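Q: got a predicted structure here, sequence first:
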Amino acid sequence: MNAIETRGLGKRYRRTWAVRDCDLTVPVGQVTALVGPNGAGKTTLLRILAGLATPTAGTATVLGAAPGSPQARAAVSAVDQTVPLYRHLRVAGQLAAARALNDQWDADLAARRLSALGIPTSARVGKLSGGQQAQLALTMALARRPQLLLLDEPLASLDPLARQDVLGWLMTCVAEDGLSVVFSSHVIAELERVASYLVVLSAGRIQVAATVDSLLDTHLALTGPADGVDDLYDQVEIVTAQRAGRQALVLARTGAAPPGWAPRPVTMEELVLGYLREPAARVVPEPGLEIVR
Amino acid sequence: MTTLTVLRMTRATWYKHRFSVVGVPAVFLLAALALFADSVVQRHWLSVHHLSGCLVANATTGGSWCRSAAWASLSSPSQTPNVIAVAVLALPVLAGLFAGVPWVAREFESGAFRFTWTQDTGPRHWLLGTFGPLVLLAAVSAAIYGAAAYWWYQVAQWQAGTSIWSWRWSSFELTPLSIAGWTVLTMALALLCGVLIRRVLPAMIAFIATLGACAYLSQTWLRPWLFGIGTAVKQVSWSASAGWPPSTTTYTVQTWLQTPSGQRVSGLPAVNNVSAWIAQHHYTSWVAYQPHNHLIWLELARNGILITAAAFAVLATVWWLRIRPAD
């Protein structure tokens, strides 16, 4: 079963398509990084998957169920980028409300996590710092014991130490419970450590959707003469080429470097930035990895 | 949609909105207590002055003697009771305005609904589980409040120097049933405005405008229309029809003259002795009226209409949530 499956998914706000023609398949057990520039449609896609928005076109399923259906709601946890909480409540009241709203609720997990974070249950939610509120929202999302976790910019309000801590905790949950995670973020360097699947959204369309390993295995950063770039197009599939004086740095989809070009493995950040610089370049989902120009 | 999920949502509502859950009924019950206490004091005064019989809505025990007693004991009839009667009807509106509308609209405005909707509960569970308890509690406490208001107004309208007449708009609408029905409608409209507009202040303004239109229609169209349904028709003497109704328990809808062939006479000639003129032409005088035993049925019908309107408002809200859940 796939964690996420969309076919021709589209969402239009008035005359603007936030997400369009979105075909995406994410297998279960993956930690998926959803990246894209501002306004690319990441939040819209996540809200559709969370059942918070209805698609204008196409279909979507999460863990085989329609988003927003009782089955999907029971299995999917989502934390919106607005960190929706009842800020007038105390932390204990917020937890009690969450417990009342769910069949499955791991009160021990929530208590241990909040205790470890030093968030007092007597504190009013609205008085917590932005980072603490995000931590509370994440804690409640995981205390539901979901099979799929959708996180929209969960790390944005956290300090670097807290980000590492959250990512580490998420990885533990993935390893122990087989949790699937999709999270959007602008901090690509942090995603690189944890993501096993990469989805790049650009202008509402899926630009890249593949496992990180397959992408890193099939792409190389090539350094060589700037005047040789044009000839290189005939030899390898080029995603982007940046010229700096007489040198050129090329992101290419190839397993081996052509003569005269120095290869090195690409980082995920280079890969993502390369594709974002060239919105026309696209890696369609496996098995048919190809660059469509 | 399972009952269990709605109950679960209701429990969560207690955690989220306990002040409103307690506050709305508390305000109704406090107002009821105030009206009840005032009524007890007034009734005691009437009892001391041997005027308790004046509170019976009947011409033979009430009527002119009671009015004289009222005018004698009060320096002048006070309009305050009628003003308070309007205020009594305004309380459900205030409950809808300051509890109902913000309850829903603030969830959208703050984005907190995204928390609830991504738990095991969905929008419809949220709607029924969140708002259902408030409507239920408000309706029950409003009914108690209505009972107190009805009891209080029996004294109050005497105090205002008017006879006890159940068909007066204020009497008709100050019953437990009427106030409960009115409260349910205000809450349903608060819900609709909150979900449609999703911003607290604009939703409050829309609510007041919508409810104002409903109140206007209720007074100018619904009540007159209802009072014209199923009337009893009776032939009376011309002199009796002029003084109709013979008791304070009936409501005259229409009086008219009729020719021997059954046609209605339009207009009266400018003659000195109308009775003689009527007798000379063998005209008969008729009256269409609502007898007292129709009152409860008309009240039930009015409340049925209010509840139906409230049900439509809730259905419209559910439909709107379905086509436009969050975005």
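A: Yes, it's here. Numbers count the residues shown, from 1 in each chain, chains lettered A, B, ... in the order given.

Q: return the helix or strand in chain A with minimum mean pLDDT.
A: Counting by mean pLDDT, DSSP states H and E, chain A has its least confident helix or strand at helix A:188-194, which shows a mean of 81.

Q: which stretches in the stretch 101-250 of chain A count as helices?
A: A:107-117, A:130-143, A:160-177, A:188-194, A:212-218, A:229-235 (DSSP state H, counting those that start in this stretch).

Q: and those helices, which one averages the lowest pLDDT?
A: Lowest mean pLDDT within those: helix A:188-194, at a mean of 81.

Q: can you list the domain ranges for the chain.
A: Reading this off chain A. Domain assignment for chain A by automatic domain parsing gives A:2-203, A:214-277.

Q: try again with chain B
A: Here the domain parsing of chain B from automatic domain parsing is B:3-229+B:295-323, B:232-293.

Q: least reliable of those going by mean pLDDT?
A: Ranked by mean pLDDT, these bottom out at domain B:232-293, with a mean of 76.

Q: near chain A, which residues of chain B show up?
A: Within reach of chain A by C-beta under 8 Å from any C-beta of the partner chain, chain B has these residues: B:8-9, B:11-12, B:15-16, B:110-122, B:323-327. C-beta: built from backbone N, CA, C; applies to glycine.

Q: among the residues you listed, which ones are buried?
A: B:8-9, B:11-12, B:15-16, B:110, B:112-122, B:325-326 (16 or more other C-beta atoms under 10 Å in any protein chain shown).

Q: secondary structure class for the nearest residue to A:Pro146 once chain neighbours are set aside?
A: Excluding the flanking residues, the one nearest A:Pro146 by C-beta to C-beta, 6 or more residues apart in numbering or on different chains is A:Ser77, at 3.8 Å. At A:Ser77, secondary structure determined by DSSP: H, G, I helix; E, B strand; the rest coil is strand.

Q: so A:Ser77 bridges to which residues?
A: Listed by DSSP bridges, the beta-bridge partners for A:Ser77 are A:Leu149.

Q: most remote residue from chain B's center?
A: B:Gln280 (46.3 Å; C-alpha atoms, centre = their mean).

Q: how near is that one to B:Val271?
A: B:Gln280 sits 10 Å away from B:Val271, going by C-beta to C-beta, to the nearest Å.

Q: just checking, what packs against the helix or strand where A:Ile4 lies?
A: Using DSSP states H and E, A:Ile4 sits within strand A:2-13. Other elements packing on strand A:2-13 under the criterion 3 or more C-beta pairs under 8 Å, 6 or more residues apart in numbering or on different chains; DSSP states H and E are strand A:16-27, helix A:42-49, strand A:57-62, strand A:180-184.

Q: between that strand and strand A:16-27, how big is the angle?
A: 180 degrees (axes from the mean of the first three to the mean of the last three C-alpha atoms, to 10 degrees).

Q: starting from strand A:2-13, tell me which strands it pairs with and how they run.
A: strand A:16-27 (antiparallel), strand A:57-62 (antiparallel).

Q: now the ones you listed in JSON lines, with mean neighbour count, distance to A:Leu142 and mean pLDDT?
A: As requested, the strands paired with strand A:2-13 are exported to JSON lines (neighbours: other C-beta atoms under 10 Å in any protein chain shown; distance: least, C-beta to C-beta, whole Å; pLDDT from 0 to 100):
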{"stretch": "strand A:16-27", "mean neighbour count": "19", "distance to A:Leu142": "19", "mean pLDDT": "90"}
{"stretch": "strand A:57-62", "mean neighbour count": "19", "distance to A:Leu142": "17", "mean pLDDT": "94"}
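
Q: among those strands, which is nearest A:Gln94?
A: strand A:57-62 (24.9 Å; C-beta to C-beta).

Q: what lies in contact with the closest one?
A: A:2-12, A:20-22, A:48-49, A:66-67, A:72, A:75-76, A:148 (C-beta atoms under 8 Å, 6 or more residues apart in numbering or on different chains).

Q: any chance of a ChimeraX selection covering the buried ones in these?
A: Here is the ChimeraX command that selects only those of those that count as buried (16+ other C-beta under 10 Å):
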select /A:2,3,4,5,6,9,10,11,20,22,48,49,67,72,75,76,148
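
Q: follow-up on the earlier one: narrow the buried ones among the residues of chain B next to chain A to those in strands?
A: Judged by DSSP state E, those include no members of strands.

Q: would you pull up the residue in the stretch 151-293 of chain A closest to chain B?
A: A:Asp152 (9.9 Å; C-beta to the nearest C-beta).

Q: now that residue. Nearest residue, chain neighbours left out?
A: Counting by C-beta to C-beta, 6+ apart, A:Asp152 lies nearest to A:Gln81, which is 4.1 Å off, once chain neighbours are set aside.

Q: mind listing what the one you found touches?
A: So A:Gln81 contacts A:Thr43, A:Asp152, A:Glu153, A:Ala156, A:Ser184 (C-beta under 8 Å, 6+ apart).

Q: and the residues you listed as TSV, adding pLDDT?
A: TSV is the format used below for these (pLDDT from 0 to 100):
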residue	pLDDT
A:Thr43	92
A:Asp152	91
A:Glu153	86
A:Ala156	79
A:Ser184	90
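
Q: which of those sits closest to A:Met268?
A: A:Ser184 (14.6 Å).

Q: was I right to think the closest one contacts A:Thr44?
A: No. Contact criterion C-beta atoms under 8 Å: A:Ser184 and A:Thr44 do not qualify, at 10.7 Å.

Q: inside helices: which ones of the residues of chain B next to chain A?
A: Judged by DSSP state H, the residues of chain B next to chain A include B:8-9, B:11-12, B:15-16, B:110, B:113-117, B:323 as members of helices.

Q: any chance of these in TSV, plus distance to B:Ala99?
A: Shown next, in TSV, are those (distance: C-beta to C-beta, whole Å):
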residue	distance to B:Ala99
B:Arg8	22
B:Met9	18
B:Arg11	19
B:Ala12	17
B:Tyr15	17
B:Lys16	13
B:Ser110	16
B:Phe113	17
B:Arg114	22
B:Phe115	21
B:Thr116	18
B:Trp117	22
B:Ile323	27
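
Q: quick check: the farthest pair among those residues?
A: Of all the pairs that these form, the one spanning the most space (C-beta to C-beta) is B:Tyr15 and B:Ile323, at 29.6 Å.

Q: in the stretch 101-250 of chain B, which spans are strands?
A: For the stretch 101-250 of chain B, the strands defined by DSSP state E, counting those that start in this stretch cover B:232-236.

Q: secondary structure class for the spatially closest residue to B:Gly181 that is not a sequence neighbour?
A: Leaving aside its sequence neighbours, B:Gly181 sits nearest to B:Asn303 (C-beta to C-beta, 6+ apart; 3.6 Å). The three-state label given to B:Asn303 by three-state DSSP is helix.

Q: tell me how far B:Asn303 lies from chain A.
A: The span separating B:Asn303 from chain A equals 34 Å under the rule C-beta to the nearest C-beta, to the nearest Å.

Q: just checking, what packs against the helix or strand containing B:Ala95?
A: Secondary structure from DSSP H and E places B:Ala95 in helix B:80-95. If contacts are counted by 3+ C-beta pairs under 8 Å, 6+ apart, helix B:80-95 sits against helix B:3-48, helix B:123-159, helix B:169-173, helix B:176-197.
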